[in-house]
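[1] Predicted model and sequence below, questions to follow.
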2 protein chains.
Amino acid sequence: MAQQERAVRTRRAVLEAAATVFAEHGYAAATVADILKLAGLTKGALYFHFPSKEALAQGILEAQVPQQLIPQELKLQEWVDAGMTLAHQLPRDPVLRAGARLSAEYTGDEQHGSAFPAWIAFSASLLDQAKRNGEVLGHVEPTETAECLLGSFHGVQLFSQLQSNWADIEQRASVLFRHVLPAIAVPSALVRLDTAPDRGARVVAELKAMAAEQDGLVPLAG
Amino acid sequence: MAQQERAVRTRRAVLEAAATVFAEHGYAAATVADILKLAGLTKGALYFHFPSKEALAQGILEAQVPQQLIPQELKLQEWVDAGMTLAHQLPRDPVLRAGARLSAEYTGDEQHGSAFPAWIAFSASLLDQAKRNGEVLGHVEPTETAECLLGSFHGVQLFSQLQSNWADIEQRASVLFRHVLPAIAVPSALVRLDTAPDRGARVVAELKAMAAEQDGLVPLAG
């Protein structure tokens, strides 16, 4: 393994250990000692990547919004895909769960920031493109809808956590999109959107296959 | 003041003091000493109404779902009114804010319960009546929609707390209903629904006028 690749993997392992601790205890109660213990690292190795607890929280918050979506015919489908992918990954990725908790705790006084503004900007930009393509009804205001979806999605995932420890999050996210899309999509777009509960799993599988191809590996069939 | 009325008022004052402490610190960190100090009461007076911290939380949780709605032509308007009234009262009533926090903290292990199941049952029952009246689209499942709205509303009010300390909650609740209703209401009902941000304030004013009339008082004009 190249040295650079090893450093990237260590950085990710540190971030995941910190995320696991933040997601369970919140920022204030989390200690660097807990994170070191979980990551199986020395203080030096951790501080090489993140000089402080605040830097760990920032690293987690910067990793929330997807770097990549699979291009779709409808921009509105990409908007749905961002949400359904998040729903699929939340139970599997402590970095996303910690991001949600840290963002919801952020009142402006804490050392760390919030991922909510980045999510809103990302979501509003997709809605804006969808509107210019004629997929979204004329009265829809992208930022208003993006904020409404962010608040709603956050509450639905909290409720899913309470009800099932996130086991039903994909089902509940699918229900949320079914309840919101008729208010924003033009009828001809609405009937073409895929909001099935397993949509996120299929998009993630496709992204993984694409990444494997880029690495020069042929993805396994099935 | 009759002795019974005085007891009712003291009970409400105790509940509000407890709610203020729970809403700010959560259940675990709240102490009976803090509550006594805020209520200006002795331990004896408090324990006459609520024998324990758990009983205080239960009293708060039982006071969440409205006892009274103003009958409307459309049951779906009553469903909207329950949400818009809650949005209007949240910034004004610590009992409702504490109820939201205690419910969101409840994972099944705590001493207190959650108001979420009662809200879902109340909301689903209104949707069920609306469906039988032909106001709601045939494919709508009342409990599914009630759970979706509960999660969404909870997240939207959390986001409003972060953004504005609940100053914009009525605006955000109005936006939420505008985003959800086209998915559930038949077109002829949809156009008749009032989801304006000040809907909750008007319903609350009407409820107060009705209560004053029942007390034999004539409500003030304006």
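    Everything's here; your move. Numbers count the residues shown, from 1 in each chain, chains lettered A, B, ... in the order given.
[2] contacting residues for A:His88?
    A:His88 is in contact with A:Glu170, A:Gly200, A:Ala201, A:Val203, A:Val204, counting by Cβ atoms under 8 Å, 6 or more residues apart in numbering or on different chains. Glycine gets a C-beta too; all of them are placed from N, C-alpha and C.
[3] does the residue in chain A positioned nearest to chain B sit in a helix or strand, and which one?
    Here chain A gets closest to chain B at one residue, A:Gly155, 2.2 Å apart by Cβ to the nearest Cβ. For A:Gly155, the host element (DSSP states H and E) is helix A:142-164.
[4] do the same with A:Gly138
    Counting by DSSP H and E, there is no helix or strand that carries A:Gly138.
[5] ok now stretch A:118-135, how far from the chain's centre?
    For stretch A:118-135, the separation from the chain centroid amounts to 17 Å (computed by Cα atoms, centre = their mean, to the nearest Å).
[6] Also stretch A:165-180?
    So, by Cα atoms, centre = their mean, the centroid of stretch A:165-180 is 15 Å from its chain's centroid.
[7] Kindly report the same for stretch A:121-138.
    That offset, for stretch A:121-138, works out to 20 Å (Cα atoms, centre = their mean).
[8] do that stretch and chain B meet?
    No: Stretch A:121-138 stays clear of chain B (Cβ under 8 Å from any Cβ of the partner chain), getting no nearer than 9.5 Å.
[9] In terms of secondary structure, what does the lengthiest helix in chain A contact?
    Once chain A is assigned using DSSP state H, the helix that runs over the most residues is helix A:3-29. Helices and strands touching helix A:3-29, by 3 or more Cβ pairs under 8 Å, 6 or more residues apart in numbering or on different chains; DSSP states H and E, are helix A:32-39, helix A:43-49, helix A:53-62, helix A:94-105.
[10] If we go by neighbour counts, what in that helix is buried?
    For helix A:3-29, the neighbour count (16 or more other Cβ atoms under 10 Å in any protein chain shown) marks A:10, A:13-23, A:27 as buried.
[11] tell me the average confidence for it?
    Averaged across helix A:3-29, pLDDT comes to 89.
[12] what's the answer for stretch A:182-193, then?
    98.
[13] what's the answer for stretch A:152-162, then?
    Mean predicted confidence for stretch A:152-162 is 97.
[14] Stretch A:81-93 too?
    Mean predicted confidence for stretch A:81-93 is 97.
[15] Would you mind listing the buried residues in it?
    Neighbour-count burial for stretch A:81-93 [16+ other Cβ under 10 Å]: A:Asp81, A:Ala82, A:Gly83, A:Met84, A:Thr85, A:Leu86, A:Ala87, A:His88, A:Gln89, A:Leu90, A:Pro91, A:Asp93.
[16] Quick check: nearest residue in space to A:Phe22, chain neighbours excluded?
    Closest residue to A:Phe22 apart from its sequence neighbours, by Cβ to Cβ, 6 or more residues apart in numbering or on different chains: A:Ala98 at 4.1 Å.
[17] now the residue lying farthest from the centre of chain A: how far from A:Val14?
    Largest separation from the mean C-alpha position in chain A: A:Gly44, at 29.4 Å (Cα atoms, centre = their mean). Distance, A:Gly44 to A:Val14, by Cβ to Cβ, to the nearest Å: 12 Å.
[18] could you say what helices and strands the helix or strand encompassing A:Leu127 packs with?
    Assigned by DSSP H and E, A:Leu127 belongs to helix A:116-132. Here helix A:116-132 touches helix A:75-89, helix A:142-164, going by 3+ Cβ pairs under 8 Å, 6+ apart.
[19] so of those helices, which one's packed in deepest?
    Highest mean neighbour count of the helices and strands packed on helix A:116-132: helix A:75-89, a mean of 24 (counted as mean count of other Cβ atoms under 10 Å in any protein chain shown).
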